[in-house]
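1. Show me the folded form of this:
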Amino acid sequence: MDPVSALKQIALFLERSGAHTQKVRAFRRAAQVIADLPPGEVATRAAAGTLTGLPGIGNSTAKVISEAVAGGEPEYLTELLAKAGGPVAGGDELRKALRGDCHTHSDWSDGGSPIREMAEAAIRLGHEWMALTDHSPRLRVAHGLSADRLRRQLDVVAELNAELAPFRILTGIEVDILDDGALDQQPELLAELDVVVASVHSHLRMPRRAMTRRMVAAVSNPLVDVLGHCTGRLVTGKGRPESEFDPEEVFGACVEHGVAVEINSRPERLDPPRRLLRLAADLGCFFAIDSDAHAPGQLHWQPYGCQRAEECGIGPDRVINTRTADDLLAEF
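-> Predicted coordinates:
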């Protein structure tokens, strides 16, 4: 087995399982180191046991490389494949209809990979476009983008779009909803972006009435396109309870102002819960089935959202990322 391919596959499956970014980077870095070696040197070093003498190659990655060079599937990869299980059951029609992803992150904020790697992974999935939505300044723990850094990112995206066409990276942001419902970025800069996802990341236990006012104020802002992971819940590990708000009022405001409700596909979020999805659908909301990917392998999480949407009777016509990029920008 090709050792570079083995290392990249391991990185991909680690990303899908939500492994720590540093662990994923170790395998991607090792793959690059090996790929840059002259022909024959990998096999020579594997036979001599000197792989760990290379920068970026540790004991775990050296074992993977040696096992691949020997002609077998590395044990580490075999274990990951066994844990991965089969594909998500259901949501096939929606998954086939998706043309893009409205919520992704890069290493400009708290993602683990450069923008190009995220875009190339989206291309391999068959997507036509991807909205790049790194965090806004207030979320310092996520290295949120200041106005100046966001403007620099726009230049990078323009260059990549020229190289990757016809694939398109839509400019965007996941902007924090502040306590009073204001948005954490300059309005004139938000107006330049293709996709604005607005999310609550702080004071999640705010009283119900105050949280409702906060969220309604945000989705009433004409610059907002998508309401991100609306309850803020976490369903794995120690978990985190849902924020309390009046869903009829919030989703009603989404309908009134043409804001899509995100179906967040991250396994630890799966937000909103089914009862709220059904309510939002009954009220006439549109939806964005998003990966909220922070690494290339996490772009594969969209089927989790497709499955949940299908269970709640939400068809492709109600999902905004079944549109072409041009149609999306014209409608939302």
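
2. where's the spatially closest residue to Gly305 that is not a sequence neighbour relative to Gly239, distance?
-> Using C-beta to C-beta, 6 or more residues apart in numbering and skipping residues adjacent in sequence, the residue nearest Gly305 is Ser265, 3.6 Å away. C-beta here means a position set from N, CA and C on the backbone, and glycine is covered the same way. Noted for Ser265: a distance of 18 Å to Gly239, by C-beta to C-beta, to the nearest Å.

3. cool, Asp271 as well?
-> 12 Å.

4. In terms of packing, which of the two has more residues around it?
-> Asp271 (25 against 9; other C-beta atoms under 10 Å).

5. give me every residue that touches the more buried one.
-> His229, Cys230, Thr231, Gly232, Arg233, Glu262, Ile263, Asn264 (C-beta atoms under 8 Å, 6 or more residues apart in numbering).

6. Now the two most distant members of those residues.
-> The distance between the two most remote of these (C-beta to C-beta) is 14.5 Å, for Gly232 and Ile263.

7. Now for the closest residue to Arg29 other than its chain neighbours: which residues touch it?
-> Spatial nearest neighbour of Arg29, excluding adjacent residues (C-beta to C-beta, 6+ apart): Gly56 at 4.5 Å. For Gly56, the contact set (C-beta under 8 Å, 6+ apart) comprises Ala26, Arg29, Ala30, Gln32, Val33.

8. Where neighbours are concerned, which of those has the most?
-> Ala30 (28 neighbours).

9. Might one say that that residue is in contact with Thr61?
-> Yes. The pair Ala30 / Thr61 is scored as a contact, 3.9 Å apart, by C-beta atoms under 8 Å.

10. got the CA coordinates for stretch 172-185 in CSV?
-> The C-alpha trace of stretch 172-185 is given here as CSV (Å, rounded to 0.1, in the frame of the first residue of the first chain):
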residue,chain,number,x,y,z
GLY,A,172,-18.5,34.5,4.4
ILE,A,173,-18.3,34.5,8.2
GLU,A,174,-19.7,32.8,11.2
VAL,A,175,-20.5,36.0,13.1
ASP,A,176,-21.2,36.0,16.8
ILE,A,177,-24.6,37.2,17.9
LEU,A,178,-23.8,39.6,20.8
ASP,A,179,-25.9,39.8,23.9
ASP,A,180,-28.2,42.5,22.5
GLY,A,181,-28.6,40.8,19.1
ALA,A,182,-26.0,43.0,17.3
LEU,A,183,-23.4,41.3,15.0
ASP,A,184,-19.7,41.0,15.8
GLN,A,185,-18.3,42.6,12.7
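
11. next one: it to chain centre, how far?
-> For stretch 172-185, the separation from the chain centroid amounts to 18 Å (computed by C-alpha atoms, centre = their mean, to the nearest Å).

12. coming back round to it: need the overlap of contacts for Ala30 and Thr61.
-> Residues touching both Ala30 and Thr61 by C-beta under 8 Å, 6+ apart: Leu7.

13. neighbours of Pro207, just the number please.
-> Using other C-beta under 10 Å: Pro207 sits among 11 other residues.

14. What sits closest to it if chain neighbours are left out?
-> Glu244 (7.3 Å).

15. Give me the contact list for the lowest-mean-pLDDT helix or strand in the chain.
-> Scoring the helices and strands of the chain by mean pLDDT, DSSP states H and E places helix 75-84 at the bottom, with a mean of 84. Helix 75-84 is contacted by residues Ala6, Gln9, Ile10, Phe13, Leu14, Arg16, Ser17, Ser60, Lys63, Val64, Glu67 when judged by C-beta under 8 Å, 6+ apart.

16. and it, which residues are buried?
-> The neighbour-count check on helix 75-84 (16 or more other C-beta atoms under 10 Å) flags Tyr76, Leu77, Leu80 as buried.

17. For the helix or strand following it, output the C-alpha coordinates as CSV.
-> Note on helix 75-84: by DSSP states H and E, the next helix or strand toward the C-terminus is helix 92-97. Taking C-alpha atoms only, helix 92-97 is exported to CSV below (Å, rounded to 0.1, in the frame of the first residue of the first chain):
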residue,chain,number,x,y,z
ASP,A,92,-29.7,9.9,0.2
GLU,A,93,-32.0,12.1,-1.9
LEU,A,94,-31.0,15.2,-0.1
ARG,A,95,-27.3,14.3,-0.1
LYS,A,96,-27.3,13.8,-3.8
ALA,A,97,-29.1,17.2,-4.3
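
18. and whichever helix or strand comes after helix 92-97, what does it pack onto?
-> Scanning forward in sequence from helix 92-97 by DSSP H and E, the next helix or strand is strand 100-104. Judged by 3 or more C-beta pairs under 8 Å, 6 or more residues apart in numbering; DSSP states H and E, strand 100-104 is in contact with helix 115-124, strand 129-132, strand 168-176, strand 195-199, strand 260-264, strand 287-290.
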